[in-house]
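>>> Have a look at this prediction, sequence included:
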Amino acid sequence: MIWFGKKEVSREGLELSEQCRQEAEEFYRSGKYHCAEAVLFTIKRHFRPEMPDDVVRLVSGFGGGSGSGCICGAVAAGTVALGMVLGDDKKRINHSTRELHAWFKGKYDFTCCKIIRENHKGACPVLTGEVAGKLAEMITAGNGH
């Protein structure tokens, strides 16, 4: 077991996290989805499968730093995914969003897409998977899975 914040992450949660990491990276590499779409699609499949796949279009504008090179699309979609899965728990959504951003910044130094691509060339498929995996870890830790 590992701990996420103050919550324990189960073996099943870690396995799901790894599965989400792999799937999101594969979706990105397929060319069908960009970073934001791959993250949201993966999280939707595992945590809100009843939602239509069309929900992924909500983050279509986030790829490539929302068209301006700013916020990483995977991180932006992660924020949307937290809201989608956690629903009305605004306190947990806000805390989890801050935690996601801090984790990402600690790993990649920046949350700005343009700067990430300059400093971590070719990292987008991997970081897309890592964001989806981290989200799964965060969600399962908070749900006691």
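On my side now, so go ahead.
>>> just the helices in this structure please.
Using DSSP state H, the helices of the chain run over residues 11-30, 35-47, 63-64, 73-86, 90-108, 113-119, 124-143.
>>> Mean pLDDT and distance to residue 53 added to the ones you listed, as CSV?
From N, CA and C alone the C-beta is placed, and that goes for glycine too. Formatted as CSV, these follow (pLDDT from 0 to 100; distance: least, C-beta to C-beta, whole Å):
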stretch, mean pLDDT, distance to residue 53
helix 11-30, 95, 12
helix 35-47, 97, 7
helix 63-64, 83, 17
helix 73-86, 96, 13
helix 90-108, 95, 23
helix 113-119, 89, 24
helix 124-143, 93, 16
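>>> List just the one of these that sits closest to residue 57.
Closest to residue 57 of those is helix 35-47 (C-beta to C-beta; 8.2 Å).
>>> Alpha carbons of the closest one, as PDB, please.
Provided in PDB are the C-alpha atoms of helix 35-47 (Å, rounded to 0.1, in the frame of the first residue of the first chain):
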ATOM      1  CA  CYS A  35      -3.700  15.000 -24.400                       C
ATOM      2  CA  ALA A  36      -6.800  16.500 -22.800                       C
ATOM      3  CA  GLU A  37      -9.200  14.200 -24.700                       C
ATOM      4  CA  ALA A  38      -7.100  11.100 -23.800                       C
ATOM      5  CA  VAL A  39      -7.200  12.000 -20.100                       C
ATOM      6  CA  LEU A  40     -10.900  12.700 -20.000                       C
ATOM      7  CA  PHE A  41     -11.900   9.700 -22.100                       C
ATOM      8  CA  THR A  42      -9.800   7.400 -19.900                       C
ATOM      9  CA  ILE A  43     -11.200   8.700 -16.600                       C
ATOM     10  CA  LYS A  44     -14.700   8.700 -18.000                       C
ATOM     11  CA  ARG A  45     -14.400   5.100 -19.100                       C
ATOM     12  CA  HIS A  46     -13.300   3.900 -15.600                       C
ATOM     13  CA  PHE A  47     -15.200   6.200 -13.200                       C
END
